[in-house]
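Visitor: Sequence and predicted structure, then a few things I'm wondering about:
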Amino acid sequence: MLSAQALRKWHNSVVEIKQLESTQGFVIYDLPNAETYVGPTRLGAKLAPGNAEMLVRHQTYVFGLTEQRKSGATIGLKVDPEDTEGAVAALAEELASEFESQQLLTGPGLRLDNALLAPVLRYDNRNPIAKSDREGVAFEDELVAVGAVTCASRFQKSDSDWQVAIEGFDQIGLAIAREVENRGGKIHTISTAKGCVSGDFDSATLADAWMQSGASCVEQLGTVGKPWQIWNADLDAIFVGSKPGAISGEGATSSSDTPIIATSAAAVSSKALAVLRKNGAPVAPDFLTRVGPMLAWWASEETSHDVLRDSTTETVNGLLEEIVDHEDGTFMAACYKAEAFMESWQEKRPFGRPLG
């Protein structure tokens with residue numbers, strides 16, 4: 001890692017930011033002296049370290065919540081798409097010792113995929129089961145759905161015929177739809193950047209529409225409204241996962257006391273959390289719903305899909321038992337638990353919670 005002189009203050013906490021020498025870009029390491037650093041590699045000529053803060057912090061809190069001395073990280077390649085191959089090759093060579101030792105583990109993020117990132121991924125010895133295909137959905141995305149729907153089942157308002165909305169519908173949204181069906185629920189509303197649509201959707205219909213048209217799938221499913229209309233759905237849960245800060249204070253006001261289940265990094269804004277707490281709406285944090293992939297990464301090779309699904313459900317339920325009745329709400333209770341573990345091995349915890 002970098003020398004003390006290279007450390008830089010960021011939001012009142014020490015975060016290591018390394019400028020790459022072989023290509024334009026940077027690496028961010030969240031907590032000092034972690035056993036392992038994990039996070040996505042992203043591509044874009046205008047990437048800035050500050051904009052990646054919550055991607056890094058989100059993963060740090062996943063590890064804190066599950067009591068692991070690991071930390072979030074991210075790599076930013078500040079190059080144009082036509083320079084991707086050369087930049088990835090340079091990255092793989094420059095950080096070869098960190099990749100080979102498994103000290104730094106990464107995966108494809110913005111504008112990258114497994115093929116483009118192959119020179120780096122060849123060092124990664126995490127269990128490949130996480131990337132296995134499950135009817136068009138990566139298994140790690142299915143595990144996010146298992147964690148998210150486990151939270152929604154705990155918070156749902158009705159005992160039967162429960163209905164949900166999925167904001168930012170994508171592959172994880174499809175996995176959520178399947179999992180909701182498995183547990184006797186129905187998908188009433190979905191939204192993408194192209195709009196919002198309501199109806200009585202089964203997962204097979206949603207799968208066909210998504211795989212054919214991506215974000216434009218809403219146009220095949222009914223009358224399309226504005227994306228923000230997703231927050232008006234008076235349902236048993238709204239799954240939120242399009243981007244950091246996907247649910248704003250205004251969205252939280254519209255959603256009233258509907259349970260919010262975050263499924264992507266920092267999907268809940270700080271203003272939204274304050275409004276939701278005032279409304280008495282349960283909020284499941286992204287760093288709780290996304291523990292499943294982490295369980296798969298280091299599972300033994302003999303571990304089956306079913307065992308990892310069951311382990312995810314058991315882990316999320318166990319954490320919920322500890323935090324769900326806290327007077328400050330589930331989200332803040334999860335933060336307190338993660339931070340207590342961080343403080344057991346860090347001089348001070350990072351300043352800034354994973355909120356959009």
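Guide: On my side now, so go ahead.
Visitor: which intervals of the stretch 151-300 of the chain have sub-threshold pLDDT?
Guide: Residues of the stretch 151-300 of the chain that meet the criterion pLDDT under 70 lie in 158-159.
Visitor: Would you map the strands across it?
Guide: In the stretch 151-300 of the chain, the segments counted as strands under DSSP state E, counting those that start in this stretch are 163-167, 186-192, 195-201, 237-240, 260-262, 283-284.
Visitor: how about residue 52, what does it touch?
Guide: With contacts defined as C-beta atoms under 8 Å, 6 or more residues apart in numbering, residue 52 is in contact with 28, 42, 74, 76. C-beta coordinates here come from the backbone N, C-alpha and C atoms, glycine included.
Visitor: Beta-bridge partners for the third one, please?
Guide: This means residue 74. Using DSSP bridges, the bridge partners assigned to residue 74 are residue 28.
Visitor: tally of neighbours for it?
Guide: Residue 74 has 25 neighbouring residues, counting by other C-beta atoms under 10 Å.
Visitor: do the first one as well
Guide: Per other C-beta under 10 Å, the neighbour tally for residue 28 reads 24.
Visitor: Longest helix in this protein, by number of residues?
Guide: Of all the elements of type helix in the chain, the one with the most residues (DSSP state H) is helix 305-323.
Visitor: Now do the SS call for residue 90.
Guide: helix (DSSP: H, G, I helix; E, B strand; the rest coil).
Visitor: Pretty sure residue 142 is one of the things residue 175 touches, is it not?
Guide: Yes: contact between residue 175 and residue 142 holds when scored by C-beta atoms under 8 Å: they sit 4.7 Å apart.
Visitor: so what sits against both of the two?
Guide: Shared contacts of residue 175 and residue 142 (C-beta under 8 Å, 6+ apart): residue 134.
Visitor: Serialize the strands of the stretch 151-300 of the chain to a markdown table and add fields for mean neighbour count and distance to residue 211.
Guide: As requested, the strands of the stretch 151-300 of the chain are exported to a markdown table (neighbours: other C-beta atoms under 10 Å; distance: least, C-beta to C-beta, whole Å):
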| stretch | mean neighbour count | distance to residue 211 |
| --- | --- | --- |
| strand 163-167 | 27 | 16 |
| strand 186-192 | 25 | 14 |
| strand 195-201 | 19 | 14 |
| strand 237-240 | 30 | 19 |
| strand 260-262 | 31 | 24 |
| strand 283-284 | 27 | 27 |
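Visitor: Is it possible to get TSV of the ones you listed that adds distance to residue 253?
Guide: Putting those into TSV (distance: least, C-beta to C-beta, whole Å) gives the following:
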stretch	distance to residue 253
strand 163-167	15
strand 186-192	17
strand 195-201	17
strand 237-240	13
strand 260-262	12
strand 283-284	14
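Visitor: contacts for the longest helix of the chain?
Guide: Outside of helix 305-323, the residues that reach it under the criterion C-beta under 8 Å, 6+ apart are 65-66, 129, 132, 134, 139, 142-143, 146-147, 150-151, 154, 288-289, 291-292, 295-296, 299, 330, 333-334, 336-337.
Visitor: ok, back up a step: and of the strands of the stretch 151-300 of the chain, who's closest to residue 111?
Guide: Each of these was checked against residue 111 via C-beta to C-beta, and the shortest separation belongs to strand 186-192, namely 18.6 Å.
Visitor: Enumerate every residue touching residue 126.
Guide: If a contact means C-beta under 8 Å, 6+ apart, then residue 126 has 105, 297-298 as its contacts.
Visitor: Just the buried ones out of those, please.
Guide: For the contacts of residue 126, a neighbour count by 16 or more other C-beta atoms under 10 Å gives the buried set as 105, 297.
Visitor: could you dump the contacts of residue 126 to TSV with distance to residue 191?
Guide: As requested, these are exported to TSV (distance: C-beta to C-beta, whole Å):
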residue	distance to residue 191
105	32
297	30
298	34
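Visitor: ok, the contacts of residue 126 vs residue 259, which is closest?
Guide: The closest of the contacts of residue 126, once distances to residue 259 are taken by C-beta to C-beta, is residue 297, at 28.0 Å.
Visitor: if I look at that closest one, how far off is residue 167?
Guide: The gap separating residue 297 from residue 167 is 26 Å, by C-beta to C-beta, to the nearest Å.
Visitor: Next: residue 148.
Guide: Here residue 148 is placed at a distance of 12 Å from residue 167 (C-beta to C-beta).
Visitor: Find residues that contact each of these two.
Guide: Between them, residue 148 and residue 167 share the contacting residues residue 239, judged by C-beta under 8 Å, 6+ apart.
Visitor: Against residue 198, how distant is the most centrally placed residue in the chain?
Guide: Centroid check for the chain by C-alpha atoms, centre = their mean gives residue 264 as the closest residue, at 3.2 Å. In this structure, residue 264 lies at 22 Å from residue 198, with C-beta to C-beta as the measure.
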